[in-house]
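In: Provide a 3D model corresponding to the input given below.
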Amino acid sequence: NQIELESLDVHVGQSYSVLVTTNQNIADYYIVASPKLSNATNNNTLVGVVVLHYDNSTTPANGSLPSGPDPFDMQFSINQEKSIRWNLTTGAARPNPQGMFHVTNVTIIETFILNASTTTIDGLSCYSVNNVSYLIPDTPLKLADFFSNRTGVYELDAFSKNTSNANAVRGVFVASALHKGWTEIVLENNLDIIDTWHLDGYSFFVVGMGEGDWNPESRSSYNLYDPIARSTVQVYPGGWSSVYVYPDNPGMWNLRSQNLQSWYLGKYQPPTPPPSVSPAPNAPSSDAYAYNPHRTRY
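Out: Numbering: from 1, shown residues only. From the prediction side, this is the model:
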C-alpha cells in the first residue's frame with residue numbers, strides 16, 4: 001500500500017508524513033517546494049528550498065535546483081491524488097462513525113452540488129457558489145437559530161443545494177442536511193485557480209475528482225474502497241471533487257473556501273440536529289449546513 005513518488009502535491013490545509021530513502025552518495029541535496037499554476041523557473045522568490053544533509057557529508061548542495069513536474073499539468077496532479085489511498089494494512093484509528101475500512105456499502109441520502117464561480121452584482125465583482133454571494137449577517141447564525149428561530153436573519157434552504165440560482169444574488173446561504181445520513185458533496189470549480197474547501201469539525205472521504213463537468217456517470221470513477229479521510233480537498237480549475245460526509249454531530253458547521261480572498265468574499269456551510277434529536281445544551285435546534293459561498297468584493 002506504499003507508493004514511491006518523485007514529487008508530491010501538497011495543497012492548502014493539507015499535510016503529509018513521508019519517508020525519504022537516503023540511498024545516494026554521501027552529500028547534501030536540495031529539496032524544493034514550488035507553486036502550482038505558476039512558472040517559477042525564472043523567479044526564485046516563488047520557490048522554497050531546504051537542504052537534506054547526509055551524516056559526514058562534506059559536499060555542499062550545488063548546481064541548479066531540481067525541476068518538478070509541469071506546474072500546468074492538471075491531469076498529472078489528479079492522477080497523483082487518486083494514487084494516494086488509505087493504507088488498509090495498518091491498525092491506526094479511523095474516523096468515527098467512518099470507523100470502517102471503506103465506504104462501498106454506505107447509502108447516500110442526498111447530494112449537494114456546489115459550483116464556485118465569479119459573478120457581478122450591482123456592478124461589483126464577487127465570488128459566488130451556485131450564483132449566491134454570501135452575506136455575513138449581523139447576528140451569528142447559531143444565535144439566530146436558538147433565540148429567534150432564524151426570523152429576520154436567514155431562511156433555511158432558501159437557495160438550491162444542487163443547482164445554480166437563475167440570477168446572481170447576495171444572501172445568507174444555509175442548507176439543511178440529514179442528521180446521521182451519508183451526504184455526497186460535489187464541489188465544482190469554474191475559476192482559473194485551484195480552490196480548496198474545508199469542513200470545520202468533520203473529516204470526509206475524498207472519493208473522486210476529475211476535469212470537466214461532474215455528472216452522475218462520474219460516480220463510476222469513485223474510489224469507495226480505500227479513500228483518504230481529510231477535512232480539506234482541492235478542486236482543480238475547470239474540474240470537480242466529490243466527498244462523502246456523515247453529519248452525526250448536532251450543530252452548524254462551516255464549509256468554506258480556504259482561499260482567503262474567496263473566503264472573505266464568502267464560501268461556507270453548517271449542520272444542526274432535526275427537532276426529533278435532542279441537541280446538546282449549546283446546540284441550535286434544526287438540521288442545517290450553513291454554506292458560505294465565495295463572497296469577496298473588489
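In: now do residue 32: how many residues are near it, please.
Out: Neighbour count of residue 32, defined by other CB atoms under 10 Å: 14. All C-beta spots, glycine's among them, are computed from the backbone N, C-alpha and C.
In: in this protein, what residue sits furthest out from the centroid?
Out: residue 58 (43.4 Å; CA atoms, centre = their mean).
In: pLDDT value on that residue, please?
Out: Looking at residue 58, its pLDDT stands at 94.
In: let's verify it: helix, strand, or coil?
Out: Classification of residue 58 using DSSP: H, G, I helix; E, B strand; the rest coil returns coil.
In: same thing with the one 5 residues further on?
Out: Here residue 63 is recorded as coil under three-state DSSP.
In: for it, give its distance to residue 29.
Out: According to CB to CB, to the nearest Å, residue 63 and residue 29 sit 10 Å apart.
In: which one of the two has more residues nearby?
Out: The neighbour count for residue 63 versus residue 29, taken as other CB under 10 Å, is higher for residue 29 (17 against 6).
In: might you report the residue contacts of that one?
Out: Residue 29 makes contact with 51, 52, 54, 61 under the criterion CB atoms under 8 Å, 6 or more residues apart in numbering.
In: tell me the most packed of these, by neighbour count.
Out: residue 61 (16 neighbours).
In: so what's that residue closest to, chain neighbours aside?
Out: If the residues on either side of it in the chain are set aside, residue 61 comes closest to residue 28, at 4.2 Å by CB to CB, 6 or more residues apart in numbering.
In: longest strand of the protein, counting residues only.
Out: In the chain, assigned by DSSP state E, the strand with the most residues is strand 108-121.
In: hey, C-alpha coordinates of the very next helix or strand once past that strand in CSV?
Out: Scanning forward in sequence from strand 108-121 by DSSP states H and E, the next helix or strand is strand 124-129. Only the C-alpha atoms of strand 124-129 are listed here, as CSV (Å, rounded to 0.1, in the frame of the first residue of the first chain):
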residue,chain,number,x,y,z
LEU,A,124,-19.2,44.7,-8.2
SER,A,125,-17.2,41.6,-9.0
CYS,A,126,-18.0,38.8,-6.4
TYR,A,127,-17.2,35.2,-5.8
SER,A,128,-20.3,33.0,-5.6
VAL,A,129,-21.4,29.5,-5.1
